[in-house]
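In: 3D, please:
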Amino acid sequence: MTDSADLTEPSVDFTEISVDDDTIDDVVDVLESGRYVKGPVLERFEDRFAEKTGVDHAVGVSSGTAAILLALQAAGIGPGDDVFVPGHTFFATASPVLSLGANPVFVDVDPDTYTMDPDALADAAETAENPSAVVPVHIYGGMADMNAVNTVADEHDMFVLADSCQAHFASRDGERAGAAGDAGAFSFYPSKNMTVAGDGGMVTTDDAELAERMRKFRNHGRGDDGVHTALGLNYRLDETSAAVGLGQLANVEQWNENRNVAAGRYTERLADVPEVTTPTESENGFHVYHLYVIQVPDRDDLRDHLADNGIDTGIHYDTPLHEHPAIEERVGDVDLPRSERLTDRIVSLPMHPGISESEVEYVARTITEYYR
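Out: Just a heads-up that it's a prediction; the model follows:
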């Protein structure tokens, strides 16, 4: 990446990860303490994350995937349960459902926000045999319509787990991601808006009993008395990871602001290019732009042109969730036309907290010139 205004030979990177010197010192302190798991640093990280999210409890776990799995397990989801997931998301939204023996029911997405379509969810819930849970995804950093999702869930007495892995501290309708449902699942994978310098995750909830079950399940089903009263595995988040997370937590809201400003610049610069569909942001929410994703009719050719001009891009995601072989062989044919259409049109442009105004300008100008 270059911060120079002279971008005649640019290299605009897709992402940027930042761990400051204070965080490194905190990690060293953990290493010197000899307390590497189940310690006070994780407890502080959990408490501060819960406070910032606006919930009573946060449970640190080993990954975002583990967060989804443990939340569903703690809610009692298992064989015979129908769990509704969107067709456009990362694989890990659905793989825990299958791992628990439950049935993923795929729901198409809103064509503007790419999040679960509440009307499609309502239709699917009406015809399902055993509607038990729904996992809306706050895709790309924008929250799903949780008011509408919760209304459908209440009608069918379903557990609501918001996959917030791409939406740390996004908000909509007065609530933050991870607070607008029964639970929220977060990932701290290095490319996310905040990281623990490796894999890590968090589950947020106001339900004390749910939180206690998750704490037990992440530690081999073991209670405070050392007795294993449930079947669990090791999904713990270690102390060094939590130290990094605390450092990131102090900065992530400013980084989110930077992302949102950069996204606004992209949208403004691309507004007059009819071939480009820019992201939709809710008027009553705050989008944290984990990714800035546009739609174009000739995605591969545009990506080649951008690469030739030193601009890195991505595709998130190029296969509808229900069409991955590991899922398709278990659920059969599913028809989700909006989710399927997106996979041929979406392009993720460079986005990170440190992207400069000149870099955004260069990317937008290169796209504009391509379509001229």
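In: where along the stretch 51-200 of the chain do the strands fall?
Out: Secondary structure of the stretch 51-200 of the chain (DSSP state E, counting those that start in this stretch): strands located at 57-61, 82-86, 103-107, 131-134, 159-163, 171-172, 175-176, 183-187.
In: Can you add mean pLDDT, mean neighbour count and distance to Ile68 and give those back as a markdown table?
Out: No exception for glycine: its C-beta is placed from N, CA and C like everyone else's. Below are the strands of the stretch 51-200 of the chain laid out as a markdown table (pLDDT from 0 to 100; neighbours: other Cβ atoms under 10 Å; distance: least, Cβ to Cβ, whole Å):
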| stretch | mean pLDDT | mean neighbour count | distance to Ile68 |
| --- | --- | --- | --- |
| strand 57-61 | 98 | 26 | 10 |
| strand 82-86 | 98 | 26 | 10 |
| strand 103-107 | 98 | 23 | 12 |
| strand 131-134 | 98 | 25 | 11 |
| strand 159-163 | 99 | 26 | 6 |
| strand 171-172 | 98 | 21 | 20 |
| strand 175-176 | 98 | 20 | 18 |
| strand 183-187 | 98 | 31 | 5 |
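In: out of these, which comes closest to Arg213?
Out: Each of those has some distance to Arg213 by Cβ to Cβ; the shortest is strand 57-61, at 9.5 Å.
In: by how many degrees do the closest one and strand 183-187 diverge?
Out: Counting by axes from the mean of the first three to the mean of the last three Cα atoms, to 10 degrees, strand 57-61 lies at 40 degrees to strand 183-187.
In: Which residues outside strand 57-61 are in contact with it?
Out: By Cβ atoms under 8 Å, 6 or more residues apart in numbering, the residues outside strand 57-61 that reach it are 42, 45-47, 49-50, 67, 70, 200-208, 210-211, 214-215, 218, 235-237, 241-242, 245.
In: all helices for this protein, in order.
Out: For the chain, the helices defined by DSSP state H occupy 21-33, 40-53, 64-74, 95-99, 118-127, 146-155, 208-217, 239-249, 252-269, 299-308, 325-331, 337-342, 357-371.
In: helices or strands next to the shortest one in the packing?
Out: Helix 95-99 is packed against helix 64-74, strand 103-107, helix 325-331, with contacts defined by 3 or more Cβ pairs under 8 Å, 6 or more residues apart in numbering; DSSP states H and E.
In: So which bits of that helix are buried?
Out: Within helix 95-99, the residues scored as buried using 16 or more other Cβ atoms under 10 Å are Ser95, Pro96, Val97.
In: Against Gly201, how distant is the second one?
Out: Noted for Pro96: a distance of 11 Å to Gly201, by Cβ to Cβ, to the nearest Å.
In: Throw together a ChimeraX command that grabs the buried residues out of the contacts of strand 57-61.
Out: A single ChimeraX command selects the buried members of the contacts of strand 57-61 (16+ other Cβ under 10 Å):
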select :42,45,46,49,50,67,70,200,201,202,203,204,205,207,210,211,214,215,218,235,236,237,241,242,245
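In: Surely Asp145 and Thr115 touch.
Out: Yes. Counting by Cβ atoms under 8 Å, Asp145 does reach Thr115; the two are 6.9 Å apart.
In: which one of these two has more residues nearby?
Out: Thr115 (25 against 21; other Cβ atoms under 10 Å).
In: residues contacting Pro297?
Out: Pro297 makes contact with Glu275, Arg345, according to Cβ under 8 Å, 6+ apart.
In: Now the phi/psi pair for it, please.
Out: Taking degrees, to the nearest 10, you get phi -80, psi -20 for the backbone angles of Pro297.
In: Okay, now the unreliable bits of the stretch 1-150 of the chain?
Out: Along the stretch 1-150 of the chain, segments meeting pLDDT under 70 span 1-17.
In: hang on, the earlier thing: now the common contact residues for Pro96 and Gly201.
Out: By Cβ under 8 Å, 6+ apart, Pro96 and Gly201 have these common neighbours: Thr65.
In: what about the nearest residue to Asp272 once chain neighbours are set aside, how many residues close to it?
Out: Sequence neighbours aside, Thr368 is the residue nearest to Asp272 in space, at 7.8 Å (criterion: Cβ to Cβ, 6 or more residues apart in numbering). Residues within reach of Thr368, counting by other Cβ under 10 Å, total 15.
In: picking up where we left off before, so which of the helices of the chain comes closest to Phe188?
Out: With Cβ to Cβ as the criterion, Phe188 lies closest to helix 239-249 of those, at 6.2 Å.
In: So what's the gap between the closest one and the chain middle?
Out: Centroid separation for helix 239-249 versus its chain: 18 Å, with Cα atoms, centre = their mean, to the nearest Å.
In: try stretch 295-304
Out: On the basis of Cα atoms, centre = their mean, stretch 295-304 sits 24 Å off its chain's mean C-alpha point.
In: Just the endpoints, please. Distance across that stretch?
Out: Using Cα to Cα, to the nearest Å, the end-to-end distance of stretch 295-304 comes to 15 Å.
In: what pairs with Ala133 across the strands?
Out: Beta-bridge pairing for Ala133 (DSSP bridges): Val83, Phe159.
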